[in-house]
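Student: okay, sequence plus prediction incoming.
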Amino acid sequence: MCGINGIYDPLSYDTGVERINKMNLAIAHRGPDAEGTYHNENIHLGHRRLSIIDLSPESNQPMSDHSGRFSIVFNGEIYNYKELRNSLGDYAFKSQGDTEVLLAGLIRHGVDFLKRCNGMFAFALWDNQKEELLLARDRMGIKPLYYARTSDHLIFSSEIRAILKSGYVSGELNYNSIGDYLRYQSVIGTNTILKGVFLLPAGSTMHFSDSEVKINSFWNPVTDLDREAIGLSYDETKIRVRKKMEAAVTRRLIADVPTGAFLSGGIDSSTLVALASQQVERLKTFTITFEEPEFSEAKYARMVADRYNTDHTEIRLTPNALIDELPAAIRAMDHPSGDGINTFLVSKHAKQAGIAVALSGLGGDELFAGYPIFKQFYGLGNKGWMMSFPKFARAIAGEMLKIAKPGAWSEKTKQVITEDYLDLENVYQYSRELNSRKVISKLSPYGNLGGNTIFDLVKEGVGFGTPGYDLPKLSRVTFAELLSYVQPTLLRDSDQMSMAHALELRVPFLDHDLVSTIMAVPDKYKYPTTPKKLLVESMGDLLPSEIVNRPKMGFSFPWDTWMRGELRDFCGDHLANLGKHDAFNAGFISKRWDAFLKEDQKVSWMRIWPMVILDAWMSENGIK
């Protein structure tokens, strides 16, 4: 796990050297163990190393092959690198790590080699003979890779702040992304919150040279399904899922440094701890606890820790402690988000305990139908009769529902029933919505969403289909979750907040082999008649019944209480400052804040906090 930087700059060698050094300094937190650069008249590459596999200097980067023709900077891990290394037996390896295996494989097989790699990665490969650059990002989008283009340059990095330090990109707010951010607490797709800065799509490559730029996909969760999982009985499916889960965890325990796990006491993290404890003695586990009992999962986490004899640490968090940590957490944000501070805090304590790698249960809910949207969308197939009523009648019914049951649920229900169709792309866009389009247009003159990013992504994605196979309904929802929530919010937050402490976070549930299997499983096996039925029953007796049958809480801080109490001034000051920007409406922001303070059910903390963070992030990074 590391950080990478690069500038394609055919105009100025000295300027490129100076600027890549500034970019490396901006991401020093990602790689405290080593730093390196590579320069020639066309390309400048930078690297910061966090040593995880092969701790020797031989695995430092940038790394070049024996001929000097190819040079690579790589961020991530290739978990099956030993197996791949054996298949490249005649290559004269000088290191014991995965970077050189990736380099050798790309030289021999080209981008097709990526289809053989199991891991999380973002890298840049320079061909000095052809003067061509290859950028690539892993299938699930676990590792970020941002880029920007000018008339003469391509600038790329693991973090946006390093691109800003290159001096080629000004820090201007992307007005076209404001609507997305206010609606979903992050920016969806390939855009970012900054003008001219983009994100390479997950599972994609970019070929760059003087003559052309091409972006191609090498993997898609909708089309690249596990064909062997189709047609299995339920018992056979459970066996296959168990084997895939065990393999995913085993791969992510490969390291030459201490490894631990985040443990909330829910089904997902408990599953990972149970499987990892079969291979690691006294696994270190970490959980955040609160004084507010309705938010604390401490007793469940302790139950799992006791069962598997882990070295368990409870991190007690109070409002005052959060206030103390907020400035550092906001500094750690490379891209604003309404989430992620929890990861910052637990990562800090895990690193202080001597851990360099931690397993996270991220992705379990999205893969095994853990959210209400899965049941809701599945059940819409029986509600097609609603669409026979005129839209105005459905709108009236929706208004009556809002009056009877004010709040976010009734608002979203009205939006759904007034759509033209009950297809996934029409319905799902409201699942993750924090603010409605009507509210967004009042919050910002630039927030009037002309397009609909999630609608477009979901419609195009599920439309690919797999020849000869109808993608199950629940898998369609999983696909939507991956594109609209997991990648732009959860994974981005996890990367920036864990790497702020030079901690490598690994996510077994997003192992692409496991994902391709679960995406192929029919709805009748995956439908959550009980919480995450397929996962739980595949694990057999590994999970205590108290964990399986406990009420689902979700990991969240007591924001409502804190934002009206100890964080009130912090929030109020930043909301007032946000209103001073011409991109936002000060009067309506103030109105929303007042409604929240008065405990208006239509204005939850989730509709306020992302705006607080946006201003704090803009102020911290000098964004215009």
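Tutor: Structure received.
Student: run a quick neighbour tally on the closest residue to residue 318 other than its chain neighbours.
Tutor: In space, and not counting its chain neighbours, residue 318 is closest to residue 291: 6.3 Å by Cβ to Cβ, 6 or more residues apart in numbering. In this view, the C-beta of every residue, glycine as well, is placed from N, C-alpha and C. Using other Cβ atoms under 10 Å, residue 291 has 11 neighbouring residues.
Student: do I have it right that residue 291 meets residue 320?
Tutor: No. Residue 291 lies out of contact with residue 320 (Cβ atoms under 8 Å); the separation is 10.9 Å.
Student: so how many other residues sit close to residue 93?
Tutor: Neighbours of residue 93 using other Cβ under 10 Å come to 14.
Student: now the one 4 residues further on
Tutor: The number of residues packed around residue 97, counting by other Cβ under 10 Å, is 25.
Student: from residue 546, how far off is it?
Tutor: Note on residue 97: its distance to residue 546, by Cβ to Cβ, to the nearest Å, is 42 Å.
Student: what does residue 248 give?
Tutor: According to Cβ to Cβ, residue 248 and residue 546 sit 25 Å apart.
Student: can you check residue 322 too?
Tutor: From residue 322 to residue 546 the distance is 29 Å (Cβ to Cβ).
Student: so for the two, which sits in the more crowded spot?
Tutor: With neighbours defined as other Cβ under 10 Å, residue 322 and residue 546 compare such that residue 322 has more, 20 against 12.
Student: who touches that one in this structure?
Tutor: Counting by Cβ atoms under 8 Å, 6 or more residues apart in numbering, residue 322 makes contact with 341, 345, 557, 562, 566, 567.
Student: and for the fifth one, the neighbour number?
Tutor: Other residues within reach of residue 566, judged by other Cβ under 10 Å, total 14.
Student: check it and give its pLDDT.
Tutor: Confidence at residue 566, expressed as pLDDT, is 89.
Student: correct me, but it touches residue 320?
Tutor: Yes. At 6.4 Å, residue 566 counts as touching residue 320 under the criterion of Cβ under 8 Å.
Student: and the nearest residue to residue 356 once chain neighbours are set aside, how many neighbours?
Tutor: Counting by Cβ to Cβ, 6+ apart, residue 356 lies nearest to residue 257, which is 3.9 Å off, once chain neighbours are set aside. Using other Cβ under 10 Å, residue 257 has 14 other residues around it.
Student: residue 257: what secondary structure?
Tutor: Secondary structure, DSSP: H, G, I helix; E, B strand; the rest coil: residue 257 is coil.
Student: could you measure from it over to residue 327?
Tutor: Residue 257 is 29 Å from residue 327, where distance means Cβ to Cβ.
Student: so residue 222 makes contact with residue 479?
Tutor: Yes. Using Cβ under 8 Å, residue 222 is in contact with residue 479, at 5.7 Å.
Student: contacts only, for residue 55.
Tutor: Residue 55 neighbours (Cβ under 8 Å, 6+ apart): 33, 256, 257.
Student: just residue 201 next, same as before
Tutor: 137, 141, 190, 215, 217.
Student: filter the residues you listed down to the buried ones, PyMOL style.
Tutor: Selection of buried members from these for PyMOL, criterion 16 or more other Cβ atoms under 10 Å:
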select buried, resi 137+141+190
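Student: can you report phi and psi for the residue nearest the centre of the chain?
Tutor: Nearest residue to the geometric centre of the chain (Cα atoms, centre = their mean): residue 491, 1.4 Å. According to degrees, to the nearest 10, the main-chain angles of residue 491 amount to phi -70, psi -40.
Student: make 32 the starting number, not 1.
Tutor: All right, first residue 32 from here; so that's residue 522.
Student: quick one: it and residue 393 touch, right?
Tutor: Yes. Judged on Cβ under 8 Å, residue 522 makes contact with residue 393 at a distance of 7.3 Å.
Student: mind listing the shared neighbours of those two?
Tutor: Taking Cβ under 8 Å, 6+ apart as the contact rule, the neighbours common to residue 522 and residue 393 are 538, 541.
Student: and residue 605, what element?
Tutor: Residue 605 belongs to helix 599-609 when assigned by DSSP states H and E.
Student: give the buried residues for the helix or strand following that helix.
Tutor: Scanning forward in sequence from helix 599-609 by DSSP H and E, the next helix or strand is helix 617-628. For helix 617-628, the neighbour count (16+ other Cβ under 10 Å) marks 620, 623, 624, 627 as buried.
Student: just the closest of those to residue 564, please.
Tutor: For these, the minimum distance to residue 564 (Cβ to Cβ) is 37.1 Å, reached by residue 627.
Student: OK, contacts around the residue nearest to that closest one when sequence neighbours are not counted?
Tutor: Nearest residue to residue 627, sequence neighbours excluded (Cβ to Cβ, 6+ apart): residue 634, at 4.5 Å. Residue 634 is in contact with 623, 626, 627, counting by Cβ under 8 Å, 6+ apart.
Student: next one: residue 229
Tutor: For residue 229, counting by Cβ under 8 Å, 6+ apart, the contacting residues are 177, 178, 179, 221, 222, 223.
Student: 6 Å instead, please
Tutor: 178, 221 (Cβ atoms under 6 Å, 6 or more residues apart in numbering).
Student: and it, that's in a strand?
Tutor: Yes. Under three-state DSSP, residue 229 sits within a strand.
Student: so how far is residue 402 from it?
Tutor: Noted for residue 229: a distance of 29 Å to residue 402, by Cβ to Cβ.
Student: so where's the protein uncertain?
Tutor: Within the chain, the stretches with pLDDT under 70 are 323-327, 412-436, 438-453, 479-482, 494-500, 583-587.
Student: can you give me the domain boundaries for it?
Tutor: What automatic domain parsing lists as the domains of the chain is 33-248, 258-399+511-579.
Student: so for residue 437, which of those domains sits nearest?
Tutor: Closest to residue 437 of the domains of the chain is domain 33-248 (Cβ to Cβ; 20.1 Å).
Student: now the end-to-end length of that closest one.
Tutor: End-to-end span of domain 33-248 (Cα to Cα, to the nearest Å): 24 Å.
Student: where's it relative to the chain centroid, distance-wise?
Tutor: 18 Å (Cα atoms, centre = their mean, to the nearest Å).
Student: equivalent analysis for stretch 646-655, please.
Tutor: The answer for stretch 646-655 is 22 Å, by Cα atoms, centre = their mean.
Student: what's in contact with that stretch?
Tutor: Identification of contacts with stretch 646-655 by Cβ under 6 Å, 6+ apart yields 202, 203, 204, 361, 362, 364, 367, 605, 608, 609.
Student: state the number of residues packed around the closest residue to the third one other than its chain neighbours.
Tutor: This points to residue 204. Of all residues not flanking residue 204 in the chain, residue 654 sits nearest, at 5.7 Å (Cβ to Cβ, 6+ apart). By other Cβ under 10 Å, the residues close to residue 654 number 20.
Student: great, nothing more from me.
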